[in-house]
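Novice: Give me coordinates for this.
(chains A, B and C, ligands or ions: 3)
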Amino acid sequence: AVTEEEVHLIVNRALKRYSEDRIGMVDYALESAGASVINTRCSETYERKTALLSLFGIPLWYNSQSPRAILQPDVHPGNCWAFRGTLGFAVIRLSSRICPTAVTLEHISKSLSPMGTIPSAPKDFAIYGLEEEGQEEGILLGRFMYDQEGDPIQTFHFTGEDLGVFQVVELKVLSNWGHPEYTCIYRFRVHGEPAH
Amino acid sequence: AVTEEEVHLIVNRALKRYSEDRIGMVDYALESAGASVINTRCSETYERKTALLSLFGIPLWYNSQSPRAILQPDVHPGNCWAFRGTLGFAVIRLSSRICPTAVTLEHISKSLSPMGTIPSAPKDFAIYGLEEEGQEEGILLGRFMYDQEGDPIQTFHFTGEDLGVFQVVELKVLSNWGHPEYTCIYRFRVHGEPAH
Amino acid sequence: AVTEEEVHLIVNRALKRYSEDRIGMVDYALESAGASVINTRCSETYERKTALLSLFGIPLWYNSQSPRAILQPDVHPGNCWAFRGTLGFAVIRLSSRICPTAVTLEHISKSLSPMGTIPSAPKDFAIYGLEEEGQEEGILLGRFMYDQEGDPIQTFHFTGEDLGVFQVVELKVLSNWGHPEYTCIYRFRVHGEPAH
Ligand SMILES: [K+]
Ligand SMILES: [K+]
Ligand SMILES: [K+]
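Specialist: Ligands and ions are numbered 1, 2, ... in the order given. Predicted coordinates for the structure are as follows:
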């Protein structure tokens, strides 16, 4: 059996981790720390025609997030980058040079989605390391599947050894969970060891 | 008695719910998801004369939130819409057409209020469904009281049946908890079932 | 042994406190509540040359936070005010006149720092109360040390009696935890009793 003191310890540890950007891992793709999206190749940002500001019923401004949204921590519904179809690219300049070890993808919880499903969530995706910003094809670091039945925040670890040192990483989304029009990326993080 | 495993389960479930916008219910009035305030009728935004930016003691900009604040999740003290007196209106275009089932009102906790009381919190309020944006008087969906002694986040369920399908909802605040000058709304959410 | 009900109670109390700006104390230095940085004396903001926005590899905008960052609750890595060296000043006009009783300093957790250390965190610092905004030297309220091994959020209580009533408070940072170039302040809060 557990004592009250132990419960407090478990609760405090859980809240500490929660406060550490949820997962307690350095995010080298965080915009506020200096990362940026430098290219989205042929991805076409999907313009959701929902008026954010309207005056007497006349829409003044449409809410359409830029790819920068995926490097920003606010993941309230709508704070994502939506691209047309299921194939999307984001080339990201990290905040520093690292040996990449893992990435994290995040989507909203099903409970916050009107239909209780998340068809616009990414499914299959691949991660590449790029030697320089303009490089067309990078080195494959890993290929994974975001699970629509899993936690909203999912971390994927690279299994290869000596993957190299990179400051530019590419996310290539290959499929989604069924949405016919667009795919949404709420947040993308890159983890690793600092390069010496 | 509870095992350590069960404590972890309870803690993780509580944190999961906390991360789902606190209450795990879809908010059709969330600005980032496409909702907007389209009218505040005769409400008069209260200009709090607290300088946010000042240079050598000369105020440069006054912090006065627009009604949009009530559709935005940041509820740190001051991130609210304040209107003069106790009678206030907000007509909101939801992110989609729904059968409304409940609303949620949020104020800051007493512990974050200088005097330990929240007299500017709303008290009695009514919710209306509007057939179209310009409608003067909607259909009453429910009338409730925000409890100053309750949780900062309070959800109110409509009890009527077949209330109809709406994309425009009106919040009408009728009284507050005693502040003689203004009433503050920190966040207003609308819940329901998607209309088919 | 603890019952399941008691675990839920402990968890809910902890989350309630967490939601109350983490520590459940009124912050009179919060920008959204009306506070502002009115002077930084001779402090020199450190320009971190990390491009936030770049186009085809050409940096468009550099991410360099203003001193206002220390009065804003977002403490994701980078959302801080960095000043050159170890000596830094921030004169803050509080949201109201108070008898100050404590201050809180916050830095990021070591787990969110690339090297696992926080050398740019403040170490020794002093707090002064100022009679008026232009005052050169205030009344010393307390001198403290932010502990790099402690919690990211640390509250320091003044021990003197009848310290007086102030609307202007000065933070004077005297040293850091070893960074040779700059010191970062993520968030600074001021607590106290409302003056009558
Ligand atoms: K985001
Ligand atoms: K708000
Ligand atoms: K900050």
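
Novice: In terms of secondary structure, what does the longest strand along chain A contact?
Specialist: Identified as the longest strand of chain A according to DSSP state E is strand A:88-106. Other helices and strands packing on strand A:88-106, by 3 or more Cβ pairs under 8 Å, 6 or more residues apart in numbering or on different chains; DSSP states H and E, are strand A:36-39, strand A:124-130, strand A:139-145, strand A:153-157, strand A:166-173, strand A:182-185, strand A:187-194. Every residue, glycine included, has its C-beta placed from N, CA and C.

Novice: right, so those: which one is the most enclosed?
Specialist: The highest mean neighbour count among the helices and strands packed on strand A:88-106, using mean count of other Cβ atoms under 10 Å in any protein chain shown, belongs to strand A:182-185: a mean of 25.

Novice: And the contacts of that strand?
Specialist: Outside strand A:182-185, the residues that touch it by Cβ atoms under 8 Å, 6 or more residues apart in numbering or on different chains are A:46, A:69-70, A:80-86, A:88, A:90, A:105, A:107, A:120-122, A:171, A:173, A:176.

Novice: Neighbouring strands - and their directions - for it?
Specialist: Its sheet considered, strand A:182-185 pairs with strand A:81-84 (antiparallel) by DSSP bridges.

Novice: Name the surrounding residues that touch the strand it pairs with.
Specialist: With Cβ under 8 Å, 6+ apart as the test, strand A:81-84 has contacts from A:40, A:43-46, A:48, A:64-70, A:90, A:120, A:173, A:181-185.

Novice: Provide a ChimeraX selection command restricted to the buried entries of these.
Specialist: To isolate the buried subset of those in ChimeraX, counting by 16 or more other Cβ atoms under 10 Å in any protein chain shown, use the following:
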select /A:40,43,45,46,48,64,65,67,69,70,90,120,173,182,183,184,185
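
Novice: filter the contacts of strand A:81-84 down to the ones near ligand 1?
Specialist: residue A:69 (Cβ under 5 Å from the ion).

Novice: before we move on, back to that, tell me which of the helices and strands packed on strand A:88-106 sits nearest to ligand 3.
Specialist: Evaluated over the helices and strands packed on strand A:88-106, closeness to ligand 3 peaks at strand A:187-194, with 19.2 Å, by Cβ to the ion.

Novice: Point out the residues in chain A that sit beside chain C.
Specialist: In this structure, chain A approaches chain C at residues A:1-4, A:7-8, A:11-12, A:15-16, A:18-21, A:24-28, A:30-34, A:36, A:38-39, A:73, A:93, A:95-96, A:133-134, A:194, judged by Cβ under 8 Å from any Cβ of the partner chain.

Novice: which of those residues are buried?
Specialist: Among those, those buried by neighbour count (16+ other Cβ under 10 Å) are A:2, A:7, A:11, A:15, A:18-21, A:25-28, A:30-34, A:36, A:38-39, A:73, A:93, A:95.

Novice: list the contacts for the closest residue to residue A:193 other than its chain neighbours?
Specialist: Closest residue to residue A:193 apart from its sequence neighbours, by Cβ to Cβ, 6 or more residues apart in numbering or on different chains: residue A:99 at 4.7 Å. Shown in contact with residue A:99 (Cβ under 8 Å, 6+ apart): A:163-166, A:192-193, A:195.

Novice: Relative to ligand 3, how far out is residue A:99?
Specialist: Separation of residue A:99 from ligand 3 (Cβ to the ion, to the nearest Å) stands at 30 Å.

Novice: any idea how far residue C:80 is from the residue of chain A found nearest ligand 3?
Specialist: The nearest approach of chain A to ligand 3 comes at residue A:32, 9.5 Å away (Cβ to the ion). Separation of residue A:32 from residue C:80 (Cβ to Cβ, to the nearest Å): 9 Å.

Novice: tally of neighbours for residue A:179?
Specialist: 17 (other Cβ atoms under 10 Å in any protein chain shown).

Novice: Which helix or strand contains it?
Specialist: Here residue A:179, judged by DSSP states H and E, is contained in no helix and no strand.

Novice: That one is in contact with residue A:120, isn't it?
Specialist: Yes: counting by Cβ atoms under 8 Å, residue A:120 is a contact partner of residue A:179 at 4.1 Å.

Novice: pLDDT below threshold where in chain A?
Specialist: Where chain A drops to pLDDT under 70, the residues are A:48-64.

Novice: now with 50?
Specialist: The model of chain A has pLDDT under 50 over residues A:51-62.

Novice: Spatially nearest residue to residue A:157 (excluding sequence neighbours)?
Specialist: Nearest one to residue A:157, counting by Cβ to Cβ, 6+ apart, is residue A:102 at 4.4 Å.

Novice: Let me see the contact set for that neighbour.
Specialist: Here residue A:102 is in contact with A:25, A:155-158, A:190-192 (Cβ under 8 Å, 6+ apart).

Novice: What residues are bridge-paired with it?
Specialist: Listed beta-bridge partners, residue A:102: residue A:157, residue A:191 (assigned using DSSP bridges).

Novice: Pull up the gap between it and residue B:124, please.
Specialist: As for residue A:102, its distance to residue B:124 is 52 Å (criterion: Cβ to Cβ).

Novice: Over to residue A:88?
Specialist: Per Cβ to Cβ, residue A:88 is found 49 Å from residue B:124.

Novice: What's the end-to-end length of stretch A:81-96?
Specialist: One end of stretch A:81-96 to the other measures 23 Å (Cα to Cα, to the nearest Å).

Novice: Check stretch A:79-92 too.
Specialist: 18 Å.

Novice: Go through that stretch and flag the buried ones.
Specialist: A:79-83, A:85-92.

Novice: From the chain's centroid, how far away is that stretch?
Specialist: Relative to the centre of its chain, stretch A:79-92 is centred 10 Å away, using Cα atoms, centre = their mean, to the nearest Å.

Novice: One more: stretch A:27-40?
Specialist: On the basis of Cα atoms, centre = their mean, stretch A:27-40 sits 11 Å off its chain's mean C-alpha point.

Novice: Kindly report the same for stretch A:129-145.
Specialist: Here stretch A:129-145 shows a centroid-to-chain-centroid distance of 16 Å under the convention Cα atoms, centre = their mean.

Novice: For the residue in chain A that ligand 2 sits nearest to, grab the count of nearby residues.
Specialist: Nearest residue of chain A to ligand 2 (Cβ to the ion) works out as residue A:76 at 11.4 Å. Using other Cβ under 10 Å, residue A:76 has 18 neighbouring residues.

Novice: That one contacts residue B:22, doesn't it?
Specialist: No: Residue A:76 is beyond contact range of residue B:22, at 11.1 Å (criterion: Cβ under 8 Å).

Novice: What residues does chain A have near ligand 1?
Specialist: Contacts of chain A with ligand 1, taken as Cβ under 5 Å from the ion, map to A:69, A:72, A:79, A:187.
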